[in-house]
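J.: sequence plus the predicted model coming up.
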Amino acid sequence: VAGLGNHSLRGTRHSVGMAVLERLARRLAVADGWRVDRRCCADVALATAHGVELVLLKPRRFMNLNGLSVASAAESYSFLPQDIYLVHDDLDKALGKVAIKLGGSTRGHKGVQSCISALHSNEMTRLRVGIGRP
């Protein structure tokens with residue numbers, strides 16, 4: 001599960017993917033388990049939910065380069081694109097509304113485009129979190 005955003009701009013609406021992952025880590029009682037994984041240039045926490053092992057990933061790159069971290073993690077942890085969930089902001093959704101999408105276009109999202117380019121696939125499941133338009 002990769003929370004897309006700008007590592008240096010935490011707390012902004014554009015980095016809501018990372019905030020969602022931080023909240024998920026707290027709910028799964030692994031919030032103290034974040035560590036820097038230099039292989040994929042990301043903060044990583046390992047968790048288990050309903051018997052499924054999860055790798056939570058917060059890239060330490062700018063949004064338009066998040067895909068490099070996601071692709072490196074996929075290689076390091078032996079994940080296929082269809083095993084990956086991307087959590088990212090969506091300007092076209094009202095604040096707080098969420099939608100799940102499987103594959104398809106980027107809808108103009110640079111972080112999603114970076115992941116598709118780096119993984120050579122658009123088969124990732126996406127949790128789109130509404131941030132609304134300014």
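T.: It's in.
J.: which parts of the chain are strands?
T.: Secondary structure of the chain (DSSP state E): strands located at 2-3, 35-37, 42-49, 52-59, 85-90, 98-102, 125-130.
J.: R10 is nearest to which of those strands?
T.: Within the strands of the chain, the stretch nearest R10 is strand 52-59; the backing value is 9.1 Å (CB to CB). Where you see a C-beta, it was placed from the backbone N, CA and C, and this is true even at glycine.
J.: which residues touch the closest one?
T.: With contact meaning CB atoms under 8 Å, 6 or more residues apart in numbering, strand 52-59 is reached by 1-5, 7, 18, 21-22, 24-25, 28, 30, 34, 40-48, 65-66, 68-70, 73, 77, 79.
J.: one more time with 6 Å, if that's ok
T.: 1-3, 18, 21, 25, 42-45, 47, 66, 69, 73, 77 (CB atoms under 6 Å, 6 or more residues apart in numbering).
J.: tell me which two of those sit farthest apart.
T.: A47 and N66 (20.1 Å).
J.: which one's more surrounded, these two?
T.: The residue with more neighbours, out of A47 and N66, is N66; 33 against 18, by other CB atoms under 10 Å.
J.: where does the chain dip in pLDDT?
T.: The chain contains no residues with pLDDT under 70.
J.: beta-bridge partners for the closest residue to L57 other than its chain neighbours, please?
T.: Nearest non-adjacent residue to L57, counting by CB to CB, 6 or more residues apart in numbering: A2, 4.5 Å away. A2 has these beta-bridge partners by DSSP bridges: L57, L86.
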